[in-house]
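> sequence unknown, structure follows:
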C-alpha cells in the first residue's frame, strides 16, 4: 500500500511535467493542425537554459524559470517564422516533414561541442530538498520540489485559462483555430496570432524543462527531449488533441500509468503508453475530451 | 537494333545498371561499404514505394512502417536462424537448402507482416488523418515492445549470427519485382479506386468504392512488401535488434517519401536513393553530419514542398500508351 501510494505521487510528478509539454502540442495542433515534432526539443532547450542560468549566474528559481520561458518563446516563434510559415498553405504533410527536419536540426545542432555538447551534466541544486511525511501510517512523503511543481503548474494553468478565455488575444486564438479564413475577414491578424500561440506553447515547454531539471537533476544529452516529448504528445492525443483540459487530464493519466507499468517491467512501461493510446483512440476516436469534427460535404 | 533498343530502353538501362554495379564490385572499384549502401538503397526504395501506396496513393497517413519491417524481419529470421539456435542444430549456411529456406522465410516474413497489417488496419482505418497516423505509430512501437519482451526472439538483446543470404542480385531483383508489382497494382482499377479514396472519400463511396475495404487492402499489400524488405534487411545486417525498428526508422521512410514526392512511384524511388546516400556523403563532417542532413531536409521542403520530383512520374512507370 505504501509503495502504491508513493508511486502515485511519482506518477503525478511525471504527469505535471508532461502536462506543460502537452499543452504546447495541443495548442499548436489546435490552431494550425500541425504535429510540431520540434516541440520536444524546445523543452530540451528549456532544460539547458535553466541549467546555464542556474550554474553561471546562480540566480534564484523564479528568475531561472522566467529566463527559460522567454528563451523558449523566442525559439518557438523563430522556428514558426522560418520553417512553418512559408508552408502554411502547402500540403500539410510537407509541414510535418519540415517539423521533423527542424527537430533533428535542433537536437544535432545543440549536441555540437561548442553549443551544449553531447555530454551528461547534472542539474544544480536550486532549492534544497526537503521531505514531508504526509501519511504516517503508510510512510508516504512528498518533497518540497513536488509541491513547487504543483504550484507552478497551477499558476501557469490558471494563467493560460484566463488568457484563452478572457482576453482579446485568447479570443483571437480561438477564432483562428475555428476558422482561419473567416477570422482574417474579421480583421484578426492570423499570422501574429499563430506566432503568439507558438510563443505560449514554447514558453510552457520551457517551464516544464526547468521543472524537469529541478526534479530529476540530470541532463543526459541534447536528445533528452525525445521521450518526454513523445509521451506528452501521446497524452495530448489521449485527452483529445486541440483541447487544453484534455491535455492536462491525458498527461496525468500517462504519467501515473507509466510509473506503475515501469515498476512491473521497464519494457512494459515503454509499451504501456502506446497500448493506452490505441485503446482510447479505437473506443473514442477524438480522444477523451476532444470534440467531434463535423464533416462538410 | 536501334528501334529495339529504344523500345526496351528501360530494360536495357536496368540491365546495364546491374552489370556495371556488379562488375565494378567484382573488380573492386566499389568497396564493400559502398556496396552495402547500394543494397540499403534498394531496400529503402521498396520500403518507400510501399509506404507511398498508403500515404501517397490512398491518402491515408501511416507513420509506423518500420513495425511491419520488424514483423517481417523477425518472422524470417525465426525460420532461418532462431529455430536452429533453439534446437541446437547447425545452420544450413550458404547451401542450396539454405537459400531455399531463405526464400521461404522471405515469403513468410511478407505474409506475417501482411497479416499484421490486416489486423491493425481493420480497426484503425476508420480513424482519419492524424489520428490514424498516431495509431499506426503506436502499433509500430507495440510490435517493437512485443519483440522486446519475447525471450525466444532475443528480447532486448537482439538476434545475432544470421547468415548473410542477401546479396546485390537478390536486392536488385527484389526491388525490381516489387516496384513492378506495386506499379501494376496502382495502375489497375484497384489503384484507381485508391486514388478516388485519396481525392475525395465521400465521392468515392458514392461511386461504389468500398472505401474501408480498399484502405485495408492497400494497407495489407503495403505491409507485405515492407515485411519482405525487412526479411532481406535482416539477412543483410546479420544482427538485428528491436531498436533497429524504432519510430525514427519509420520517420526515415516518411522523409524519403515526401522529399522525393509522395504521389508518384518515381518520387519515392528518387527520394529513397538520394537520401540514403546524402548522410553518408557528409560522413567526414562527423558531428556536423546530422546538422547538415536536417538542414538539407528543411531546405528541400521549403523550396519544393511537393518533393523533388513534384508530381511527375517517369514515363516507364506510367500506363503504356497503345
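It's in. Since we're looking at a predicted model, the values are computed, not measured. Numbering: from 1, shown residues only, chains lettered A, B, ... in the order given.

> how many neighbours does residue A:227 have?
By other CB atoms under 10 Å in any protein chain shown, the residues close to residue A:227 number 13. Yep, even glycine has a C-beta here, placed from its N, CA and C like the rest.

> any idea which helix or strand carries it?
helix A:226-239 (DSSP states H and E).

> after that helix, next one along is what?
Next element after helix A:226-239 (DSSP H and E): helix A:244-264.

> what residues of that next one count as buried?
Within helix A:244-264, the residues that qualify as buried by neighbour count (16 or more other CB atoms under 10 Å in any protein chain shown) are A:244, A:246-262.

> now swap in stretch B:201-209 and tell me
B:201, B:204, B:209.

> show the pLDDT at residue B:75.
What the model reports as pLDDT for residue B:75 is 93.

> number of nearby residues for the residue lying closest to it once chain neighbours are set aside?
In space, residue B:75 comes closest to residue B:112 once its chain neighbours are excluded; the distance is 3.9 Å by CB to CB, 6 or more residues apart in numbering or on different chains. Using other CB under 10 Å, the number of residues around residue B:112 comes to 23.

> likewise the one 3 residues further on?
Other residues within reach of residue B:115 by the criterion other CB under 10 Å amount to 16.

> buried set for the helix or strand where it lies?
Following DSSP H and E, the helix or strand that holds residue B:115 is helix B:96-124. Within helix B:96-124, the residues scored as buried using 16+ other CB under 10 Å are B:99, B:101-102, B:105-106, B:108-118, B:120-121, B:124.

> the following helix or strand past it packs against which elements?
Using DSSP H and E, the next helix or strand after helix B:96-124 towards the C-terminus is helix B:129-149. On a contact count with 3 or more CB pairs under 8 Å, 6 or more residues apart in numbering or on different chains; DSSP states H and E, helix B:129-149 meets helix A:226-239, helix A:266-283, helix B:65-77, helix B:96-124, helix B:247-260.

> now find how far off-centre helix B:129-149 is within its chain.
17 Å (CA atoms, centre = their mean, to the nearest Å).

> just to revisit the earlier point, got a markdown table for the helices and strands packed on helix B:129-149, with distance to residue A:96 too?
Output for the helices and strands packed on helix B:129-149, formatted as a markdown table (distance: least, CB to CB, whole Å):
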| stretch | distance to residue A:96 |
| --- | --- |
| helix A:226-239 | 13 |
| helix A:266-283 | 18 |
| helix B:65-77 | 15 |
| helix B:96-124 | 19 |
| helix B:247-260 | 8 |
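
> worst average pLDDT in those?
The minimum mean pLDDT among the helices and strands packed on helix B:129-149 belongs to helix A:266-283 (a mean of 81).

> taking helix B:65-77 as reference, get the angle to the helix holding residue B:115.
Here helix B:96-124 points in a direction 140 degrees away from that of helix B:65-77 (axes from the mean of the first three to the mean of the last three CA atoms, to 10 degrees).

> hmm, who's touching stretch B:34-41?
B:21, B:25, B:30, B:166-168, B:171, B:236, B:272-273, B:276-277, B:280 (CB atoms under 8 Å, 6 or more residues apart in numbering or on different chains).

> please apply the same query to stretch B:193-211.
Contact partners of stretch B:193-211, identified using CB under 8 Å, 6+ apart, comprise A:295, A:297, B:53, B:57, B:58, B:59, B:186, B:214, B:215, B:218.

> again, but for stretch A:130-144
Applying CB under 8 Å, 6+ apart, the contact partners of stretch A:130-144 are A:1, A:2, A:5, A:6, A:9, A:127, A:129, A:147.

> from chain B, which residue is nearest to chain A?
Chain A sits closest to residue B:145 of chain B, with a gap of 3.0 Å, by CB to the nearest CB.
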